[in-house]
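J.: fold the following for me, if possible:
(chains A and B)
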Amino acid sequence: MTPCAAAVARDVRSGRASAESVLRAVLRKARARKDLGAFVRLLEDQALAQARAVDAKRGRGETLGRLAGVPVAVKDNMLVRGVETTAGSRLLQGHVASYDAAAVERLLAEDAVIIGHTNMDEFAMGSSTENSAFGPARNPWAPARVPGGSSGGSAAAVAAGLCPLALGSDTGGSIRQPAAFCGVVGLKPSYGRVSRRGLIAFASSLDQIGPLARTVEDAALALSVIAGADPGDSTCSAMPVPDYLQDLGTGVKGLRVGLPREYLAAGLDPEVEAAVRAAVEALRVLGAEVREVSLPHTRYAVSSYYILAPAEASSNLARFDGVRYGRRSPAARSLAELYELSRGEGFGPEVKRRVMLGTYVLSAGYYDAYYAKAQRARTLIKADFAAAFQGVDVLAAPVAPTAAFALGEKSADPVAMYLSDVYTIPSSMAGNASLSVPCGLTKGGLPIGLQLIADSFCEGTLLRAAAALEAAVPFPGLPEADRA
Amino acid sequence: MSAAFETVVGLEVHVQLATRSKLFCPCPTDGFGAPPNTRVCPVCTGQPGVLPVLNRAAAELAFEAALALNCRLAPASVFARKNYFYPDLPKAYQISQYEKPLARDGWIDLPGAGRHVRIQRIHLEEDAGKLLHAVGSRELEGSWVDFNRGGVPLIEIVSEADIRSPEEAYAYLKGLREVVQYAGASRCDMEKGELRCDANVSLRPAGTSGFGIRAEIKNLNSLRAVKDALEYECRRQAEVLASGGRVAQETRLWDAQRGVTEPMRSKEGAEDYRYFPDPDLPPLVADAKWVAELKARLPELPAAKRERFASQYGLGAGDSELLTSDRSLAEYFDAAARGLGPAAAKLAANLIATEVLARLKAEGLAPEAARLPAAELGALAALVEGGTLSSKGAKAAFAALWEKGGSAAETVARLGLAQVSDEAQVAAWVAAALAANAKAAADLKAGNDRAIGSLVGAVMKLSRGKADPVVVNRLIKESIKP
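T.: Residues are numbered from 1 along each chain as shown, chains lettered A, B, ... in the order given. Below you'll find the model as predicted:
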């Protein structure tokens, strides 16, 4: 079984294991499980060079970083210098990044080893990792089911033990929902906690990079590394980064936990509801105070999200025009054709749908009715959370209405797909910190996640609560037989 | 143009801010004339994953220009994306400001016209790149993009439709350029495209206050072009209206070579830029302390300088305007005239207007690079005013000082340029001249005043040009008195 990231780092630092041997074991598994479609690109040579450099550094007696020798996979929308980075899109095939994303820089600065790019819905638009130019990723717990999305490749890779740690990006639930579907820990940091520099943008006011890990400790460790001010991202906060590992074991005695009424309503699968309630009960038994709260504007979240996110996306994706990089249709004979054909051939249907939606809601005559109104709804949703956090420290909720659904089950119905993010979108709109921690299995053996939400920049509280639950209610993890 | 119509003009002026680096990335702004795409990075070429970071120096220059133009600064302005596809626009949106520009409600005095033109708004934005087409090539073949200019900081200064003639438009633009240059916000070198102008022009029946249908004129790349294009366009619109036609609401291009405006190929329907606030950039906050510092840093502006030159040195409008047309020229004069009385200051102004400007022009120098320190020019003017130096001698002394340096007093002494005003010496020369020119002396005595010329000439010859002409004249007249 693949050891967790904290253990790898400890062993590599102490010399009990070499970074190269850890990497070789991980690559062997990754190669053996190509059927999962978790990776779109393994960077074997580059990773090997990095691992050897870490070992050499230790050999010279230098102090190693906090992620010494830890193989980390990053979602295909995070730039890795000198490497093709495509955001799961045909349009960017052949696009080689000229610089490292800030998060990648920080991983490397702590002596992590970047082993590859993980599969994703094209430009992070989707909840199943079926909208990928590379074909779908599969759920390691049930290969006929989706791993969730859009960071489905990262979740599947960690769940199957193909790497101890991965980065994903979350715009409306794209870390938390696949984490829940695959039975791993997924953390969406507060907006502004992690630099977005070098993240191929979907919706700039919502996108955040965060870790997917098998343990809460690993998620805390990864966040400690990637969080913090970046002069290259004006939306990245200068708030100091606390030591998330320090308070991890201090328990939940006296922690005020709110159960939002609106999240435990019609449409929620009874098995998921039962698991969520059981997890909250476990927290109560550990000393947390549980009370019901209300987030009255929750019902506007999905519809306003599907105005604001596509609006930003329509603008963010306009640069993919065939002029400077990426796909350039060879059939184009005029400027208009260059745009139409390059984009028409390069983008998949879900991306086209959202670009059209976004273009429409920003158009003259519609801006006030859609974009401006959705911004007002967002303000109300933010205010809901602010009010709730006057009385509680964390909110506990389901991550998704159901456990992992079958491949193809929702591909024909975009709205059904969009609704699978109904519980994760509101806290994204508010910019709060939020995570998914495994809290049980369905009768059919599929993982269920508990979502914990805290006020902005209160990741420490989230991680502490998640760690307490993890210790009290051990999650079985993927049966060894299904692993490589 | 027929007197039946009144001209209504509003100008949109783009000014390139004098920063070292671009608006949202560290690339240098010195790309004009440099090989294409040598001043670029992932940010200003719109690579995936890049984020803009505001250049604070650009914001400061924009604020300073706005303050100098008497604008009200917005406590917080908001960057917005202006979305459209064009190959010179790498992100397919321009970062600009839309609903909340950084400044509003300013004005500029039109010198001499006794009125001012209001400024509606000033906003900060990035420039686009430049398209290059190989001659004779078809679309997409032989078309290239140079992003050196892409991302260079601009401010757009939008006037109200207060301008009533091509001459006023010229004066407005000249005044605007002066103020912006004084504030140090831009060099406004029009040849380098650092100041570009679009004009909205319409006519209305004289005596009415509504607005006619306007045409937008683009490609006005010199002060001259603005005046010429507006004159042409007013004439054209007047002819259309006088013959009972309607002016089309359209964008026209000024063809300076042919001296006409022509409609640009119009696109289907109106452009919809789908502006929305840029989520990558926080609002630009005009923090009170910051603004106070910038205000304190602003130099004396041209209007105030002209007023002071008039009251402090008694300069006329013509001299003041010439000397304040350039900030460093005005500073040169100020330094030269320091401590001088009005008469000497006027002489200094004359020396600058003739000798200094001619030398600067001939040698292609800026005023701050003048080879003659301002203080020495002032000393020279004082010597003329005190009678030590004739204006001819001043010219010679100036040339020597410019070429060889040194102090004015020393140079005048070394070259023996000082006038002789000593009565006894001048009287001796006068006596000798009268003796040698008996006929002229007799004519003068007889009342032929013109005869004094040849006598003065004779004295100058004897004195080798050094006799003070005032003393010479007086002594000749005294000596022939009955």
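
J.: CA atoms for contacts and neighbours, from now on please.
T.: OK.

J.: farthest from the middle of chain A: give me that residue.
T.: Distance from the centre of chain A peaks at A:Arg333, with 40.2 Å (CA atoms, centre = their mean).

J.: surely A:Thr215 touches A:Val184?
T.: Yes: with contact defined as CA atoms under 8 Å, A:Thr215 reaches A:Val184; the gap is 7.4 Å.

J.: list residues touching both of these two?
T.: Residues touching both A:Thr215 and A:Val184 (CA atoms under 8 Å, 6 or more residues apart in numbering or on different chains): there are none.

J.: which of these two has more residues huddled nearby?
T.: A:Val184 (31 against 23; other CA atoms under 10 Å in any protein chain shown).

J.: now A:Pro71. Its backbone dihedrals?
T.: The phi/psi pair for A:Pro71 (degrees, to the nearest 10) reads phi -70, psi 120.

J.: now B:Leu131
T.: Per-residue torsions, B:Leu131: phi -90, psi 140 (degrees, to the nearest 10).

J.: skipping its backbone neighbours, what lies nearest it in space?
T.: B:Val145 (4.6 Å; CA to CA, 6 or more residues apart in numbering or on different chains).

J.: any weak-confidence spans in chain A?
T.: Counting by pLDDT under 70, chain A contains low-confidence ranges at A:1, A:479-484.

J.: what's near enough to touch the most centrally placed residue in it?
T.: Among the residues of chain A, A:Ile175 comes closest to the average C-alpha position under CA atoms, centre = their mean, at 2.3 Å. Contacts for A:Ile175 were tallied using CA under 8 Å, 6+ apart; they are A:149-151, A:155, A:168-169, A:186-188, A:210-212.

J.: quick one: least confident helix or strand in chain B?
T.: Lowest mean confidence among the helices and strands of chain B (mean pLDDT, DSSP states H and E): helix B:408-414, at a mean of 81.

J.: just the CA trace of the strand or helix carrying B:Val430, in CSV.
T.: Secondary structure assignment for B:Val430, by DSSP states H and E: helix B:423-436. This file holds the C-alpha atoms of helix B:423-436, laid out as CSV (Å, rounded to 0.1, in the frame of the first residue of the first chain):
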residue,chain,number,x,y,z
GLU,B,423,32.1,110.6,-20.3
ALA,B,424,35.7,111.9,-20.7
GLN,B,425,36.7,109.0,-23.0
VAL,B,426,33.5,109.2,-25.1
ALA,B,427,33.8,113.1,-25.3
ALA,B,428,37.3,112.7,-26.7
TRP,B,429,36.0,110.3,-29.4
VAL,B,430,33.1,112.7,-30.1
ALA,B,431,35.4,115.7,-30.5
ALA,B,432,37.6,113.7,-32.9
ALA,B,433,34.6,112.6,-34.9
LEU,B,434,33.2,116.1,-35.2
ALA,B,435,36.6,117.4,-36.3
ALA,B,436,37.0,114.8,-39.0
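
J.: packing partners of that helix?
T.: helix B:452-462, helix B:469-480 (3 or more CA pairs under 8 Å, 6 or more residues apart in numbering or on different chains; DSSP states H and E).

J.: list the buried residues for the helix or strand that it is followed by?
T.: The first helix or strand that comes after helix B:423-436 along the chain, using DSSP H and E, is helix B:438-445. Residues of helix B:438-445 classed as buried: B:440-441, B:444-445 (neighbour count, 16 or more other CA atoms under 10 Å in any protein chain shown).

J.: would a markdown table of the helices and strands packed on helix B:423-436 with distance to A:Ser436 be doable?
T.: Listed next are those as a markdown table, based on distance: least, CA to CA, whole Å:
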| stretch | distance to A:Ser436 |
| --- | --- |
| helix B:452-462 | 105 |
| helix B:469-480 | 101 |
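
J.: quick one, which of those helices is nearest to chain A?
T.: Ranking the helices and strands packed on helix B:423-436 by proximity to chain A (CA to the nearest CA) places helix B:469-480 first, at 72.7 Å.

J.: domain-wise, how is the chain divided?
T.: Using chain A here. For chain A, the structural domains run A:5-258+A:392-407+A:423-482, A:299-373, going by automatic domain parsing.

J.: you answered for a different chain; I wanted chain B.
T.: Split into domains by automatic domain parsing, chain B comes to B:5-290, B:300-414, B:423-480.

J.: quick check, nearest of the contacts of A:Ile175 to A:Leu450?
T.: Relative to A:Leu450, the closest of the contacts of A:Ile175 is A:Gly186; by CA to CA it sits at 10.4 Å.

J.: can you tell me the SS state at the closest residue to that closest one other than its chain neighbours?
T.: Leaving out its chain neighbours, the residue that sits closest to A:Gly186 by CA to CA, 6+ apart is A:Leu212, at 4.4 Å. Secondary structure, DSSP: H, G, I helix; E, B strand; the rest coil: A:Leu212 is strand.
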